[in-house]
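Chemist: I'd like to go over a predicted model; first the sequence, then the structure.
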Amino acid sequence: LTLVVSPLLALISEQATRTNSFGIPSTFITSATSRDTRAWIEGSLAMASQPYQLPCKMLFVTPERVALDSFQSLVADLSASGLLSLFAIDEAHCMSEWGHDFRPHYAELGVLHDIAPEVPVLAASGTAPPRVRRDVGSMLLGDASKFHLVAESFDRPNLTYVVRPKESDVEDDIAALIATSFAAESGIVYCLTTRDAERVTERLAESGIAAAHYHGGMSLADRAKAQEAWSSGETPVLCTTVAFGLGIDKLDVRFVIHHSLPMSLEGYYQQSGRAGRDGKSATCVLFYKPQDLVRAEKVQSSTVVEHPAVDESPDAPPILHRNREFQIKDQLDDIKQFCLATSCRRAHVLNHFGEFDPPRVQASPCCDVCSPQLAPTPRAEPPPKPRAGRRTTSGSRRARPRRRASPALITPDDLGSSGVRGPASIPHALRVLDSARQAIATRRGIKPAHVFSKAALLDLARRQPSTMDELQAMASIPNKKAALYGGEIIEVLSRL
């Protein structure tokens, strides 16, 4: 019997289903398992004295199950009968307080080696930097030197990393980015909170992009429905929190966008790594602003109380809480340095995981630092009108025009060996329409958003109406604005 410890119920169910499909009899015991089923599995295991009497070859459980005295007794009995062949710890980085998904019960899994020291232990993780690997070895075997490390490179050469400034209307920027650079492609938008995920989904839907949200506040049935629609391609875009992703193996994900700052560089690597699993080019875009660091720290710090560290009770000395807070700050600083990097972002990621001599051959443009043509093209909006009483004479302070990023992004597939962008009708139309919007706004002394919203501009670029009737039929264009600006927009579109 192989005992597999895995962190999430949904992941355990998926793993058991997959191993059964490979012809390996597998089952699981979780809080979702009925009492009768659990009693039958545990009873069958307890009664077995020969391998052929076991009800399964692989048993999946959560770390919380392992912590139960009754389950530890069962493990001891199986060990005494010589029926245990392997302990496998999945997502082993959850054991370390330095890991990005620390789970207190994971840190207690060393009890398995104490109960059955003769049984080999396999710890698997895709996001464990050197200090986490040392922690895992020490916690499972009591001595990190007893572990034999088998590691592949963390390099994902088909992924391109881009960091973009995050503005107040970031949802519009994300909608424009998806429509212009990833139309009809499968992708994930990661958000910090459930509210963010729902808001981004609504904005994408308003822009004509098929999207669904997925987060821990939804019922199991609703989550399963959203995941199935995304996995099947019915809904190309999924807006989610970190509750989604473990065990997901969809191959054709072409982009991963982070609406909010990830909690750690390991977390970012894991989430962005869900793109391009088919080996084809994919793009990872992170929207960053310094204020997100404060917001992320507040969210992370709240987990110090909700999920106290090992041996930490609610009445534990404050020093323990401060230690965890220090670790949170350290993890956030890692992702901050990635966002502010002035050298290769890919090398920054690889260095974090202990690789200091990454491969030189890349299948795709590396990042926006190494390939400046991947960076968003800045454009200047007209300065806001001066407020009443503000000095605007020569020599006085004036409001500086904001420099915004163009919603279009040059993706790896748009680049040839010369780095010149290939033809793209929607991005071109969007740039022309935005110039027209700027001109109208300047002429009338209003903000560009008061002419057309970004969502409406994107809809125009996608539909490109050729008559006033077609323009007036668009739900994103109010009748009043169609009457005011429609003629000029139709003329601009006719010249494309």
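Modeler: Arrived safely, thanks for sending.
Chemist: OK, contacts around the closest residue to residue 207 other than its chain neighbours?
Modeler: Take residue 207 and drop its neighbours on the chain: the residue closest to it by Cβ to Cβ, 6 or more residues apart in numbering is residue 175, 4.0 Å away. Glycine gets a C-beta too; all of them are placed from N, C-alpha and C. Applying Cβ atoms under 8 Å, 6 or more residues apart in numbering to residue 175 gives the contacts 203-204, 206-207, 209, 407, 454-455, 458.
Chemist: does residue 175 sit in a helix, a strand or a coil?
Modeler: Judged by DSSP: H, G, I helix; E, B strand; the rest coil, the three-state class of residue 175 is helix.
Chemist: quick one: contacts for the closest residue to residue 240 other than its chain neighbours?
Modeler: Leaving aside its sequence neighbours, residue 240 sits nearest to residue 214 (Cβ to Cβ, 6+ apart; 4.2 Å). Shown in contact with residue 214 (Cβ under 8 Å, 6+ apart): 197, 223, 226-227, 230, 238-241, 243-244.
Chemist: Cross those residues against helices and list the overlap.
Modeler: If you go by DSSP state H, the contacts of residue 214 have 197, 223, 226-227, 230 in helices.
Chemist: where do the strands sit along this protein?
Modeler: Assigned by DSSP state E, the strands in the chain fall at 2-5, 26-29, 58-61, 86-89, 121-123, 159-165, 186-190, 211-214, 237-240, 253-258, 282-288, 378-380, 403-405.
Chemist: Geometric centre of this structure: which residue is closest?
Modeler: In the chain, the centroid-proximal residue (Cα atoms, centre = their mean) is residue 271; its distance is 3.7 Å.
Chemist: Count the residues that sit near the nearest residue to that one once chain neighbours are set aside.
Modeler: Taking Cβ to Cβ, 6+ apart, and ignoring the residues beside it in sequence, residue 271 has residue 190 as its nearest neighbour in space, at 5.4 Å. Residues lying near residue 190 (other Cβ atoms under 10 Å) number 27.
Chemist: Need the ones in helices among the contacts of residue 214 in CSV (columns: pLDDT).
Modeler: Output for the ones in helices among the contacts of residue 214, formatted as CSV (pLDDT from 0 to 100):
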residue, pLDDT
197, 94
223, 85
226, 89
227, 86
230, 91
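Chemist: Residue 286: which of those is nearest?
Modeler: Set against residue 286, the nearest of the ones in helices among the contacts of residue 214 by Cβ to Cβ is residue 197 (16.1 Å).
Chemist: The closest one contacts residue 213, correct?
Modeler: Yes - the criterion here is Cβ atoms under 8 Å, and residue 197 meets it with residue 213 at 4.5 Å.
Chemist: what sits in contact with each of those two?
Modeler: 239-240.
Chemist: In this structure residue 173 contacts residue 180, no?
Modeler: No - applying Cβ under 8 Å, one finds residue 173 not in contact with residue 180, separated by 10.7 Å.
Chemist: okay, the strands of the chain, which one's buried deepest?
Modeler: Mean neighbours per residue, mean count of other Cβ atoms under 10 Å, is largest over these for strand 237-240, with a mean of 28.
Chemist: Kindly export that one (C-alpha atoms) in CSV.
Modeler: The C-alpha trace of strand 237-240 is given here as CSV (Å, rounded to 0.1, in the frame of the first residue of the first chain):
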residue,chain,number,x,y,z
VAL,A,237,-11.4,32.6,-19.3
LEU,A,238,-11.5,31.8,-15.6
CYS,A,239,-11.2,34.5,-13.0
THR,A,240,-10.2,32.9,-9.7
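Chemist: any weak-confidence spans in the stretch 201-350 of the chain?
Modeler: Segments of the stretch 201-350 of the chain classed as low confidence (criterion: pLDDT under 70) are 243-248, 300-325.
Chemist: how about the helices in it?
Modeler: Applying DSSP state H, counting those that start in this stretch to the stretch 201-350 of the chain gives helices spanning 220-232, 265-272, 291-306, 318-339, 345-352.
Chemist: how about the residue nearest to the centre of the chain, what does it touch?
Modeler: 188, 190, 242, 245, 256, 258, 262 are the contacts of residue 271 under Cβ under 8 Å, 6+ apart.
Chemist: do you know how far the second one is from residue 436?
Modeler: Noted for residue 190: a distance of 34 Å to residue 436, by Cβ to Cβ, to the nearest Å.
Chemist: again, but for residue 196
Modeler: To residue 436, residue 196 is 32 Å away according to Cβ to Cβ.
Chemist: Please apply the same query to residue 156.
Modeler: 40 Å.
Chemist: same deal with residue 154?
Modeler: Distance of residue 154 to residue 436, given as Cβ to Cβ: 46 Å.
Chemist: Also residue 207?
Modeler: Going from residue 207 to residue 436 by Cβ to Cβ gives 19 Å.
Chemist: Pick out whichever of the two has more residues nearby.
Modeler: A direct count of neighbours by other Cβ under 10 Å for residue 207 and residue 436 places residue 207 higher, at 24 against 20.
Chemist: so what's the more buried one up against?
Modeler: Neighbouring residues of residue 207 by Cβ under 8 Å, 6+ apart: 172, 175-176, 179, 455, 458-459.
Chemist: And for residue 47?
Modeler: Residue 47 sits next to residue 53 when contact means Cβ under 8 Å, 6+ apart.
Chemist: Can I get the contacts of residue 271 in TSV including distance to residue 493?
Modeler: Formatted as TSV, those follow (distance: Cβ to Cβ, whole Å):
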residue	distance to residue 493
188	33
190	35
242	41
245	40
256	33
258	33
262	39
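Chemist: Quick one, grab the pLDDT at the residue nearest to residue 65 when sequence neighbours are not counted.
Modeler: Residue nearest to residue 65 in three dimensions, not counting chain neighbours: residue 71, with 5.5 Å by Cβ to Cβ, 6+ apart. You'll see residue 71 listed with a pLDDT of 95.
Chemist: isn't residue 71 right up against residue 63?
Modeler: No - using Cβ under 8 Å, residue 71 is not in contact with residue 63, being 10.7 Å away.
Chemist: Those two: which has the busier surroundings?
Modeler: Shown here are residue 71 and residue 63; by other Cβ under 10 Å, residue 63 has more neighbours (20 against 16).
Chemist: how about the nearest residue to the more buried one, chain neighbours excluded?
Modeler: Here the residue nearest residue 63, using Cβ to Cβ, 6+ apart, is residue 105, at 3.9 Å.
Chemist: pLDDT wise, what is the one you found at?
Modeler: The per-residue pLDDT reported for residue 105 equals 85.
Chemist: so it sits right up against residue 61, yeah?
Modeler: No - counting by Cβ under 8 Å, residue 105 stays clear of residue 61, with 11.0 Å between them.
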